[in-house]
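[1] Sequence first, predicted coordinates after that:
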Amino acid sequence: MAMPVKVLIVDDDERERIVLRYVLEQIKDVEIVGEAVHGLEALLLCQEKKVDLVFLDITMPEMGGFETAAKLKTLKETPLFVFITVRKDMAVHAYELGALDYIVKPIEQSRIEK
């Protein structure tokens with residue numbers, strides 16, 4: 001039996017978190033271990049729990065997605081991360097940081113499943 005992929009959702013917009021959570025819940029072998037509204041909260045959750053994959057919004061208060069991703073890479077257990085954003089112009093920077101994927105909102109289930 002495959003171990004579920006442990007996923008953390010990070011977005012300051014509650015509606016976006018609800019949509020993403022709904023999409024992820026339709027996929028088997030995915031376990032949502034938490035949600036965060038900004039980068040600092042995400043980092044704390046990643047230190048507390050085993051997180052395999054972080055879905056990260058780019059534009060957030062306090063600590064944005066790029067800064068969060070850079071800090072995630074300093075953790076002992078570095079999760080993979082995917083950016084989900086309305087901005088189409090930041091993909092190159094996202095991939096330079098080591099992003100697994102760069103998804104432009106609105107979210108499509110087929111893209112998330114990949």
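    Happy to help now that I have it.

[2] roughly how far is the helix or strand hosting Gln47 from the heart of the chain?
    Using DSSP states H and E, Gln47 maps to helix 39-48. Its chain's average C-alpha position is 12 Å from that of helix 39-48, according to Cα atoms, centre = their mean, to the nearest Å.

[3] Can you tell me what sits against it?
    8, 10, 33-34, 36, 51, 54, 56, 60, 62-65, 67-68, 71-72, 75, 77, 79 (Cβ atoms under 8 Å, 6 or more residues apart in numbering). Just so you know, the C-beta spots here come from the backbone N, C-alpha and C atoms, and that holds for glycine as well.

[4] neighbouring contacts of the biggest helix by length in the chain?
    If you go by DSSP state H, the chain has its longest helix at helix 14-25. Contacts with helix 14-25, where a contact means Cβ under 8 Å, 6+ apart, come from 7, 9, 11, 30, 32, 35, 55, 57, 84, 105-107, 109, 112.

[5] let's go with 7 Å and repeat that
    Around helix 14-25, the neighbours that count as contacts under Cβ atoms under 7 Å, 6 or more residues apart in numbering are Val7, Ile9, Asp11, Val30, Ile32, Glu35, Phe55, Asp57, Ile84, Ile107, Gln109, Ile112.

[6] Equivalent analysis for stretch 88-99, please.
    By Cβ under 7 Å, 6+ apart, the surrounding residues in contact with stretch 88-99 are Ile58, Phe66, Ala69, Ala70, Lys73, Phe81, Val82, Phe83, Tyr102, Val104.

[7] average pLDDT across it?
    Across stretch 88-99, pLDDT averages out at 94.

[8] so how far does it reach from one end to the other?
    Taking Cα to Cα, to the nearest Å, stretch 88-99 runs 15 Å from one end to the other.

[9] Just send the contacts of stretch 88-99 back as CSV, with distance to Gln47, secondary structure and neighbour count too.
    Output for the contacts of stretch 88-99, formatted as CSV (distance: Cβ to Cβ, whole Å; DSSP: H, G, I helix; E, B strand; the rest coil; neighbours: other Cβ atoms under 10 Å):
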residue, distance to Gln47, secondary structure, neighbour count
Ile58, 22, coil, 20
Phe66, 19, helix, 19
Ala69, 15, helix, 24
Ala70, 15, helix, 13
Lys73, 13, coil, 12
Phe81, 15, strand, 25
Val82, 20, strand, 19
Phe83, 21, strand, 27
Tyr102, 25, strand, 18
Val104, 29, strand, 15
